[in-house]
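Asker: let's see this in three dimensions:
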Amino acid sequence: MRLQYAFKNMNGHPKILEHFEERLEQKIGKYTDEISLVELVIDKNKHDFRLSCSISSEHGFSTHTNITAKDVWAGIDQLLHKIGVQASKRKTLLKDHQNHYRQRHNDSRQFFIPEDNAIDAEDIMKYEETASKLRKAS
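Answerer: Numbers count the residues shown, from 1 in each chain. As a prediction, this is how the structure comes out:
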């Protein structure tokens, strides 16, 4: 994992980066494979911090997230929670995409008429006659 970081309007502290990397592995490690690039920007404004993070993985997961917080430590936790939710949703979609197809396929079977109530040509003719009478009446 390659970590690129920038601190704007503040002095960077190695503890902040250690905390970020540690929490990143805890939050995202179980949802995605090898993370190739992490870009973190921490910008100190007058009264708050603006954190921006971009993550790219080797097999297609990429996200960009922004957070504004009063405290840099709480902001890192909020940022990683948000990224963890996005990674979890992506993994769920990848894992269950076949199950969604099967569920839709099984649900469509309920719209078919069972064999004991089969429709024959007489039923269709009666339906067409009734429909044409209703069209003429309106």
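Asker: could you use CA atoms for every contact and neighbour count after this?
Answerer: OK.
Asker: for the most centrally placed residue in the chain, pull up the helix or strand it's in.
Answerer: With distances taken as C-alpha atoms, centre = their mean, Lys89 lies nearest the centre of the chain, 3.8 Å away. Assigned by DSSP states H and E, Lys89 belongs to helix 72-109.
Asker: which is the next helix or strand following that helix?
Answerer: helix 121-137.
Asker: what about that next one, distance to the chain center?
Answerer: From the chain centre to the centre of helix 121-137 is a distance of 49 Å (C-alpha atoms, centre = their mean, to the nearest Å).
Asker: and Ile83, what does it touch?
Answerer: Contacts for Ile83 (C-alpha atoms under 8 Å, 6 or more residues apart in numbering) come out as 28, 63, 65.
Asker: top of these by neighbour count?
Answerer: Ile28 (19 neighbours; other C-alpha atoms under 10 Å).
Asker: now the nearest residue to it once chain neighbours are set aside: how far from Val38?
Answerer: With C-alpha to C-alpha, 6 or more residues apart in numbering as the criterion, Ile28 has its nearest non-adjacent residue at 5.5 Å, and that residue is Gly84. Applying C-alpha to C-alpha, to the nearest Å, the value for Gly84 to Val38 is 14 Å.
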